[in-house]
Each structure stands twice: as C-alpha cells, then as structure tokens.
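**Q** Fold the following and give me the result.
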Amino acid sequence: MPDTGPGAAYVLAFDFGLRRIGVAVGQTLTSTATALETVNHGKTPDWTAIDRLDREWKPALFVVGLPLGAEGEETDMSKQARAFGAALENRYSTPVEYVDERLTSRSAEARFVEQRAAGTLRRKDSERIDAIAAQLICENWLQARGP
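**A** The predicted model follows:
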C-alpha cells in the first residue's frame with residue numbers, strides 16, 4: 001500500500017453479491033481505482049478478509065454499489081446491499097456512500113474480455129469480474145465527486 005500523502009485518502013468499494021463481493025480500492029488524490037479481489041459471501045460476508053483489507057488500506061470511506069431497478073427504484077438486492085453497507089459502517093465506524101451500479105456488471109464483463117484479449121487475464125481469472133465491477137463502482141464515485 002503506497003503512502004497517500006497530504007490531502008489524499010483511500011476508499012474501498014464493494015460490488016455486493018449474494019455469493020461473492022468484489023472489492024476495489026480508490027485513491028482520492030489521483031482519482032484512480034484498482035480491482036483488488038473477490039471476497040466470498042455465504043451466509044455472511046467473509047469478515048476476516050474484509051477486516052484484512054480494512055487494516056491494509058485504512059479507508060476513509062466505503063463505497064457500496066447499489067443495484068437499483070431499471071427505473072432507479074429500490075429492489076430486494078439493493079436493500080441487501082444497504083444492509084451490507086450498514087454492517088460495514090457499524091463494524092468499522094467508517095462512513096458509507098452508495099453508488100448506482102446499474103450496468104457495471106456488463107461493463108466489467110467487457111473489461112474482463114478486453115484484458116483477456118490483451119493477455120493480462122485468463123479464463124480461470126473470471127472471478128475477477130466482481131472485483132472489476134467494484135473498480136467501476138469506485139471509478140464512478142470518484143468521477144461524480146469531481147476534482
């Protein structure tokens with residue numbers, strides 16, 4: 001983990017899913033995001049892995065993708081994503097913001113295909129799609145907040 005320097009902070013972004021949770025890190029000074037990993041989510045999220053990421057990056061904020069319906073309405077999945085965000089905030093005393101994640105899964109799949117074509121990822125790396133989706137969520141949040 002590089003030093004953030006003055007005025008900079010890290011954010012951890014999450015693409016919440018019922019089986020897997022993609023995780024990415026963003027840097028507010030450079031407005032860049034990087035896919036990190038995919039965390040298992042069975043009956044509960046893999047809090048051990050999330051604890052490790054929290055200790056490693058010391059984020060100032062968590063960003064959780066919100067899977068809204070086609071018209072921007074709340075869905076059962078978005079309610080579960082909000083519950084996950086509330087659990088993050090309670091567990092780490094770190095604020096949480098939500099980002100509309102409609103279409104990020106398709107964009108993540110397209111980015112994965114591009115990286116496979118470039119030779120940087122292989123088919124067996126397909127679980128990285130969730131982390132790439134988290135990266136897109138983080139990029140959208142960074143762009144929305146402006147310079």
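**Q** Tell me which strands the particular helix or strand that has Phe62 in it pairs with, and in which orientation.
**A** Phe62 belongs to strand 61-66 when assigned by DSSP states H and E. Taking DSSP bridges as the criterion, strand 61-66 sits next to strand 10-15 (parallel), strand 96-100 (parallel) in its sheet.
**Q** Reformat those as a markdown table; add distance to Ala70 and mean pLDDT.
**A** Glycine gets a C-beta too; all of them are placed from N, C-alpha and C. As requested, the strands paired with strand 61-66 are exported to a markdown table (distance: least, C-beta to C-beta, whole Å; pLDDT from 0 to 100):
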| stretch | distance to Ala70 | mean pLDDT |
| --- | --- | --- |
| strand 10-15 | 19 | 97 |
| strand 96-100 | 12 | 94 |
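**Q** between those strands, which one is nearest to Met77?
**A** strand 10-15 (11.5 Å; C-beta to C-beta).
**Q** returning to that earlier point: list the buried residues for the strand holding Phe62?
**A** Under the neighbour-count criterion of 16 or more other C-beta atoms under 10 Å, strand 61-66 has 61-66 buried.
**Q** what pLDDT, on average, does that strand get?
**A** Strand 61-66 shows an average pLDDT of 96 in the prediction.
**Q** show me where this protein has helices.
**A** 47-57, 76-92, 104-117, 128-145 (DSSP state H).
**Q** Output the buried residues of strand 61-66 as TSV; include the columns distance to Thr75.
**A** Formatted as TSV, the buried residues of strand 61-66 follow (distance: C-beta to C-beta, whole Å):
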residue	distance to Thr75
Leu61	24
Phe62	20
Val63	19
Val64	14
Gly65	12
Leu66	9
